[in-house]
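Chemist: Sharing a model prediction with you, sequence too.
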Amino acid sequence: MTGALKKIIYNCRQATFLIEKKTLGKITAAETLQLQIHLAGCSICRTFQQQSILINRLFTGFKTEELKLDDDFKSSLKQRIEKEMNKN
Amino acid sequence: MNEEKQGLAATNQLHSDPVTWVEKYADYLYRFAISRLRDEEVARDLVQDTFLAALQQLARFEGNSSEKTWLTAILRNKIADFYRNQASRGLEEVRQSESEQVDFFDAENGHWNTPHAPQSFGLETDNPLLIKELGNILSGCLKKLPPLWFSVFSMKHIDDYTSEKICLELKLTDANFWVIMHRTKLNLRACLQKHWN
């Protein structure tokens, strides 16, 4: 293995960058291979990868069904709309 | 004059009746906004702005789409304006957050520096209560993100916009975009680890 390649393959900063890019976009075949080799030997970046996916899941899974605007805000908003309509 | 006013009102009523908007759509629009912005106050303001803008455009609304679709489209534009505005400010926050990450990795070889290396959250069992708690911590972490990073992250994940569209909207290069996605994730993950346990 060449020194340059070795450097990339053992670089966690680069590996975590590729993890993000691969999850949401595209990486090249060479990058895919680099990442595979890195992850095979780096348990810390495997943990990062799991947690990265978990964060995406938590973010998109945010529940809003229970959320409501409070009644005071709604009634003042309604009044404002009525007032604006009467202006015309 | 009076007749004319009534006539106008009657025409509008065919397509949309603003008096019923709050009751019918306010909560829906609020949820739409808050899932993207994660900020109650901003979400409320944008719902209000949406209704007021809709009133201005009422004459042009011809009922080709449903009221709900129409109002949602107006809100979507308001949110896009908000993101654009966020992207153009908060440069100091970006610098600050970047500097926090400087020693995450060894400057020479890019290895994790031990104090910052990811540690297991101990969630292998997928316990719903713990997941919920982690979600609450994440909400706090999101609030601390630089506005630009949050905007990019939210546009990508909630609206599933392409990176091209996000770059165009926020005037970023493709390289910028991926650097921001990477830094945002490093930031959020570190924040979760810091506040977990």
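Modeler: In hand now; what should we look at?
Chemist: Nearest to chain B: which residue in chain A?
Modeler: Using Cβ to the nearest Cβ, the point where chain A gets nearest to chain B is A:Asn11, with a distance of 3.4 Å. In short, each C-beta sits where N, CA and C put it, glycine included.
Chemist: That residue reaches B:Gly110, doesn't it?
Modeler: Yes - in this structure, A:Asn11 is within contact of B:Gly110 by Cβ atoms under 8 Å, at 3.4 Å.
Chemist: the more surrounded of these two?
Modeler: The neighbour count for A:Asn11 versus B:Gly110, taken as other Cβ atoms under 10 Å in any protein chain shown, is higher for A:Asn11 (21 against 18).
Chemist: what ranges do the helices span in chain B?
Modeler: B:2-15, B:21-37, B:40-57, B:67-87, B:91-100, B:128-143, B:147-157, B:163-170, B:174-195 (DSSP state H).
Chemist: Lowest mean pLDDT across those helices, which one is that?
Modeler: Of all those, mean pLDDT reaches its minimum on helix B:2-15 (a mean of 49).
Chemist: got the phi/psi numbers for A:Gln49?
Modeler: Backbone geometry at A:Gln49, expressed as degrees, to the nearest 10, gives phi -60, psi -50.
Chemist: mind listing what B:Asp174 touches?
Modeler: B:163-164, B:167 (Cβ atoms under 8 Å, 6 or more residues apart in numbering or on different chains).
Chemist: Let me see the domain layout of chain B.
Modeler: Here the domain parsing of chain B from automatic domain parsing is B:2-87, B:91-195.
Chemist: The longest one: end-to-end distance?
Modeler: When you say that, I think you mean domain B:91-195. When the termini of domain B:91-195 are compared using Cα to Cα, to the nearest Å, they are 25 Å apart.
Chemist: roughly how far out does it sit from the chain middle?
Modeler: 14 Å (Cα atoms, centre = their mean, to the nearest Å).
Chemist: what do you get for stretch A:54-74?
Modeler: Relative to the chain's own centre, stretch A:54-74 is displaced by 17 Å; criterion: Cα atoms, centre = their mean.
Chemist: Do me a favour and get the end-to-end distance for it?
Modeler: Distances were taken as Cα to Cα; on that basis the terminal residues of stretch A:54-74 are 36 Å apart.
Chemist: Buried ones in it, by neighbour count?
Modeler: By neighbour count on 16 or more other Cβ atoms under 10 Å in any protein chain shown, the buried set for stretch A:54-74 is A:54-56, A:58-59, A:62, A:69, A:73-74.
Chemist: For chain A, which residues score under the pLDDT cut-off?
Modeler: In the predicted model of chain A, residues A:1-7, A:88 satisfy pLDDT under 70.
Chemist: Skipping its backbone neighbours, what lies nearest the most centrally placed residue in it in space?
Modeler: When Cα atoms, centre = their mean is applied to chain A, the residue found nearest the centroid is A:Asn56 (4.5 Å). With Cβ to Cβ, 6 or more residues apart in numbering or on different chains as the criterion, A:Asn56 has its nearest non-adjacent residue at 6.3 Å, and that residue is B:His157.
Chemist: got it, and B:Ala87?
Modeler: Distance criterion Cβ to Cβ, 6+ apart; nearest residue to B:Ala87, sequence neighbours excluded, is B:Leu170 at 4.3 Å.
Chemist: ok, B:Asn127 - how many residues close by?
Modeler: For B:Asn127, using other Cβ under 10 Å, the count is 12.
Chemist: my bad, should have said B:Glu133
Modeler: In terms of burial, B:Glu133 registers 13 neighbours under the definition other Cβ under 10 Å.
Chemist: Cool, thanks, talk later.
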